[in-house]
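Chemist: Have a look at this prediction, sequence included:
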Amino acid sequence: MRIVSGKYKGKRFIAPKAIKARPTTDFAKESLFNILENRLDLTEVTVLDLFAGTGSISFEFASHGATRVTSVDMSLASYRFVNSFSHENDMCVKAIKQDVFKYIKKDTNQYDVIFADPPYALKRIPELPALLLGSGLLKEGGLLIVEHGEEFDLTECDHHQETREYGRVIFSFFKKD
């Protein structure tokens, strides 16, 4: 895997095999960050990366100059890897080892961007937009992005703005206004 753009563009990383995650493809990640660069000043955003897995999206936001990235995953291997890689590369990424649904209930911070990339087989994916938009975690005018597979259609969820498809990767965008 690699960081596709920003300060750390081209930096490769190898996540431990103990991380049982499906990383976002480089093609989809590059497309996503092209969209985000045209919508936001990524050097001024705070980010919450849920179901972070390998930390690929967290590292990408850090590479683009985000002021703070919080990376949440329940896997100990993910937690250790994300913290280690971000520390070694002087990134503003803080990993937290916790179940995402429990974390959502207790975090008191607010974020400009929330990115959620749950396992595609997770049955609760359709609940995520309402749960996250109603949690108080997203700042007014903030952007929620849910990555999912074709099994779910989130276009009928409140505050849905658009959906982008990149092969088997689908990004659904929601804006809190």
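Modeler: Thanks, I have it.

Chemist: Could you pull out the helices in this structure for me?
Modeler: Taking DSSP state H to define them, one finds helices in the chain at 26-39, 56-63, 76-88, 100-106, 128-133.

Chemist: Identify whichever of the ones you listed lies nearest to E150.
Modeler: Taking CB to CB, helix 26-39 is the member of these nearest to E150, at 13.4 Å. From N, CA and C alone the C-beta is placed, and that goes for glycine too.

Chemist: Centre of the chain to that closest one, how far?
Modeler: Computed by CA atoms, centre = their mean, to the nearest Å, the chain-centroid distance of helix 26-39 equals 12 Å.

Chemist: Make TSV from the helices of the chain and add mean pLDDT and mean neighbour count to it.
Modeler: Compiled in TSV, these are given as follows (pLDDT from 0 to 100; neighbours: other CB atoms under 10 Å):
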stretch	mean pLDDT	mean neighbour count
helix 26-39	94	16
helix 56-63	97	26
helix 76-88	96	18
helix 100-106	96	15
helix 128-133	95	20
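
Chemist: Reformat the ones you listed as JSON lines; add distance to E140.
Modeler: Output for the helices of the chain, formatted as JSON lines (distance: least, CB to CB, whole Å):
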{"stretch": "helix 26-39", "distance to E140": "16"}
{"stretch": "helix 56-63", "distance to E140": "20"}
{"stretch": "helix 76-88", "distance to E140": "28"}
{"stretch": "helix 100-106", "distance to E140": "18"}
{"stretch": "helix 128-133", "distance to E140": "11"}
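
Chemist: quick one: contacts for Y8?
Modeler: The contact partners of Y8, by CB atoms under 8 Å, 6 or more residues apart in numbering, come to 59, 62-63, 89, 91.

Chemist: So what does it have for phi and psi?
Modeler: Backbone geometry at Y8, expressed as degrees, to the nearest 10, gives phi -100, psi 20.

Chemist: State the pLDDT value of it.
Modeler: pLDDT for Y8: 95.

Chemist: Distance-wise, check it relative to I96.
Modeler: Using CB to CB, to the nearest Å, we find Y8 at a distance of 21 Å from I96.

Chemist: Tell me which two of the contacts of Y8 sit farthest apart.
Modeler: S63 and N89 (9.1 Å).

Chemist: what about the residue lying closest to I145 once chain neighbours are set aside, neighbour count?
Modeler: Nearest non-adjacent residue to I145, counting by CB to CB, 6 or more residues apart in numbering: F115, 4.9 Å away. As a burial measure, F115 scores 26 neighbours (other CB atoms under 10 Å).

Chemist: Can you name the residues that contact F115?
Modeler: So F115 contacts 47-50, 57, 61, 145, 147 (CB under 8 Å, 6+ apart).
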